[in-house]
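**Q** Turn this into a model:
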Amino acid sequence: MSQPARSIAAIAIWLAAAHAFAGVETSTDANDVILAGHDAVAYFTQGEPVLGTAEFTAQYAGAVYRFASAENRSAFQANPQRYAPAYGGYCAFGTALGKKFAVDGRAFEIVEGRLYVNKNLSVYETWKKDIPGNIVKAEGQWPSIRDAAPASL
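**A** Modelled structure (predicted):
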């Protein structure tokens, strides 16, 4: 099996196990808001980061999600696992390195139907140089760091 095929297979296995991570620690601010207030559904439907509002919120896995519309909130509530970010909303590249960093909500990628966010656009540029490899590394790191305190920078 080629390296890309192994990487894709590993991603598929991780995605199948993703539901086991429901309820893990999430990356939130002081008000328990995840994704720096960005609308989790909009990443999928609009392909860009869109700030949500306090008017449209939902809670999931210990985090408050904000949405730009009632329609997006309803879509999330119908299937939160589909829209919730990988690694509790912590930086995907940081997770690959065994660290938990908060994100600014603007640096994201959807890979095989899963939302991955990064600390910022600069970190995202590094992460995207080897997305499959970084996801495989993060999958290996996440079980040992998911309950650890976030890193500070």
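**Q** Could you list the single helix or strand in the chain with the lowest mean pLDDT?
**A** The element with the least model confidence among the helices and strands of the chain, by mean pLDDT, DSSP states H and E, is helix 3-17, at a mean of 51.
**Q** those strands in the protein, which residues are they?
**A** Defined through DSSP state E, the strands belonging to the chain, from first to last, are 53-60, 63-67, 107-111, 114-118.
**Q** Adding mean pLDDT, mean neighbour count and distance to S144, write the ones you listed out as CSV.
**A** All C-beta atoms are positioned from the backbone trio N, CA, C, and that covers glycine. Rendered in CSV, the data for the strands of the chain read as follows (pLDDT from 0 to 100; neighbours: other C-beta atoms under 10 Å; distance: least, C-beta to C-beta, whole Å):
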stretch, mean pLDDT, mean neighbour count, distance to S144
strand 53-60, 97, 14, 24
strand 63-67, 97, 25, 21
strand 107-111, 97, 18, 22
strand 114-118, 98, 25, 19
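**Q** so which of those strands gets nearest G98?
**A** Ranking these by distance to G98, with C-beta to C-beta as the measure, places strand 114-118 first at 15.3 Å.
**Q** Tell me who's in contact with F108.
**A** By C-beta atoms under 8 Å, 6 or more residues apart in numbering, the residues touching F108 are 43, 49, 115-118, 124.
**Q** repeat that with 7 Å
**A** Neighbouring residues of F108 by C-beta atoms under 7 Å, 6 or more residues apart in numbering: 43, 49, 115-117.
**Q** what does stretch 34-49 contact?
**A** Everything outside stretch 34-49 that qualifies as a contact, by C-beta under 7 Å, 6+ apart, is 26-28, 50-52, 63-68, 72, 75-76, 83-85, 89, 103-106, 108, 110, 115, 117.
**Q** May I have the beta-bridge partners of L51?
**A** Beta-bridge pairing of L51 under DSSP bridges involves H38.
**Q** Output the below-cut-off pLDDT ranges for the protein.
**A** Per-residue confidence for the chain (pLDDT under 70) gives these ranges: 1-24, 153.
**Q** show me what contacts the most centrally placed residue in it?
**A** Within the chain, one residue has its C-alpha closest to the average C-alpha position: by C-alpha atoms, centre = their mean, that is P85, at 2.5 Å. For P85, the contact set (C-beta under 7 Å, 6+ apart) comprises 35, 40, 115-117.
**Q** K137 touches A96, doesn't it?
**A** Yes: here K137 reaches A96: they are 3.9 Å apart, a contact under C-beta atoms under 7 Å.
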